[in-house]
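Colleague: Here is my input; please provide its structure:
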Amino acid sequence: MRVNKNIVCYFLLLLSFSAMALDFSRINVSWQYDPQAEIQMQDRIVQNGDSLTIFIRFRFKEAADWDIDYLVQPNYSSEGHKKLKSFKLDTLLSDPQSFILRLSFKKPNENLLVVKIFQEGAFYYYDIRLKNGSLSYPSILLIDGDGLPIFDNFLNTSKFSWIGSEQFHATEYIENSEPADPPMASMKALAPSILPDSTFEFSDSVTFTDNNFYVIREDSNALSGVTIVKVYPYYPEYKLLGELATSMHYILNEPERKSLRNSRNLKESFNSFWIKTYTTKFRARNAIRNYYNWIEQANKRFTDFKQGWKTDRGMIYIVYGVPDEVYRSDSEEEWFYDEGPSFEYTILSTFFSPETYALRRNLSHQKSWFEFIAAMRRGSE
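Modeller: Next comes the predicted model:
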């Protein structure tokens, strides 16, 4: 894990004065976006009245003994926090390198849960918001064929079911969103406005259409629900030529995009671009592998109500890579690159997602954007 030295010093200084101080907004959480980090975590929240159930999945690069503390604090910038004392903890799945926990407790007055994972010489902090904007979290949960929570915002299996209600209300939307605009483009409306394609009720079983997304609620009057994108079984990877060509969007100029869209032989045009750009088949194969690894990671990490590579964070992640430093507050997130720019996101709670990240676009990003795209096309990124 790459940790900013100043932040570590600040944290240790606070510890010397008080064991009850943790200003989370000054903790570097870039490890949460690093596919090489020794820990990967995901969570799902279910709320029933004033009770919360949080499912947390831990994955470890190597088997090791880690200790876990659960801390609560009013918000991200609060220095005071306390341990969560009254809760029920169950282990739903466990093996040497991963496990799933179910944490149940009465909703506290605090709005932030911090999971501290630590062992000698290493510690990580993982944040979970206990308030879904101005709404409660849904009371329903999507589970897989083994009865375990599905943590991703995409559904790539036919073996699933819903629990938490006898009847469910579904609103279906066609997922035909455009890729994110570049970071120097003009700002648009932050909250998405999308018209539904259809609505229906179901109880025991339901069939979803690939490439559409759905908001599932307990009933039509419920204000919160679960948003899920139905995808092919191989997602977050891409395998079909059309998918591979479309997701090249960020590294193409407009004439190249138009040429690819209008090509009568897409396979030939696809291969021609990569070989022409990278000069040899060997370099082209490496470039293709690297680029689509970033596409897969973006799909895995940032899919919300659209595929991950199309989101603002997905776009920046694909072009600039894993940020070196990430700082998060109640309504903002900042990404910093040691050899590059910084980016700011506004975090919104919308009907489609409790956390929608909208990039604050600025003309000042234009120079670095074209430099990084050019570096990718030279094969130096």
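Colleague: Could you use CA atoms for every contact and neighbour count after this?
Modeller: Fine.
Colleague: List the contacts of the longest helix seen in the chain.
Modeller: Using DSSP state H to define each element, the chain has its longest helix at helix 281-302. When contacts are defined by Cα atoms under 8 Å, 6 or more residues apart in numbering, helix 281-302 is touched by residues 33, 35, 152, 235-238, 247, 274-275, 277-278, 307-309, 311, 313-315, 317-318, 321, 379.
Colleague: again with stretch 205-224
Modeller: Residues outside stretch 205-224 that contact it (Cα under 8 Å, 6+ apart): 135-140, 161, 164-165, 167-175, 225-232, 305-306, 351-352.
Colleague: Would you mind listing which of those residues are buried?
Modeller: Neighbour counting by 16 or more other Cα atoms under 10 Å classes 136-140, 161, 168-175, 225-232, 305-306, 351-352 among the contacts of stretch 205-224 as buried.
Colleague: Now, those that are in strands?
Modeller: Counting by DSSP state E, the members of those that fall within strands are 161, 168-174, 226-230.
Colleague: Mind picking the lowest-pLDDT entry from the residues you listed?
Modeller: Taking those together, the minimum pLDDT is found at Ile174 (92).
Colleague: Quick check: the gap between the residue lying closest to that one once chain neighbours are set aside and Ser331.
Modeller: In this structure, Ile174 finds its nearest non-sequential neighbour in Asn212, 4.6 Å apart by Cα to Cα, 6 or more residues apart in numbering. Remark: distance between Asn212 and Ser331 (Cα to Cα, to the nearest Å) = 28 Å.
Colleague: Which one's more surrounded, the two?
Modeller: Higher neighbour count among Asn212 and Ser331: Asn212, with 18 against 14, using other Cα atoms under 10 Å.
Colleague: Could you report the pLDDT at the residue located most distally from the centre of the chain?
Modeller: What lies farthest from the middle of the chain is Arg264; by Cα atoms, centre = their mean that is 35.7 Å. Looking at Arg264, its pLDDT stands at 94.
Colleague: How about the backbone phi and psi for it?
Modeller: Dihedral pair for Arg264: phi -80, psi -20, per degrees, to the nearest 10.
Colleague: Please apply the same query to Thr356.
Modeller: Dihedral pair for Thr356: phi -100, psi 120, per degrees, to the nearest 10.
Colleague: residue contacts, it?
Modeller: Asp304, Thr346, Ile347, Leu348, Ser349, Thr350.
Colleague: swap in Glu201?
Modeller: Neighbouring residues of Glu201 by Cα under 8 Å, 6+ apart: Gln167, Phe168, His169, Ala170.
Colleague: one more time with 10 Å, if that's ok
Modeller: Taking Cα atoms under 10 Å, 6 or more residues apart in numbering, we find Glu201 in contact with Gln167, Phe168, His169, Ala170, Thr171, Ile216, Arg217, Glu218, Asp219, Ser220.
Colleague: Same list (those residues) but as CSV, adding distance to Lys131.
Modeller: Formatted as CSV, the contacts of Glu201 follow (distance: Cα to Cα, whole Å):
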residue, distance to Lys131
Gln167, 25
Phe168, 23
His169, 23
Ala170, 23
Thr171, 23
Ile216, 19
Arg217, 18
Glu218, 19
Asp219, 21
Ser220, 21
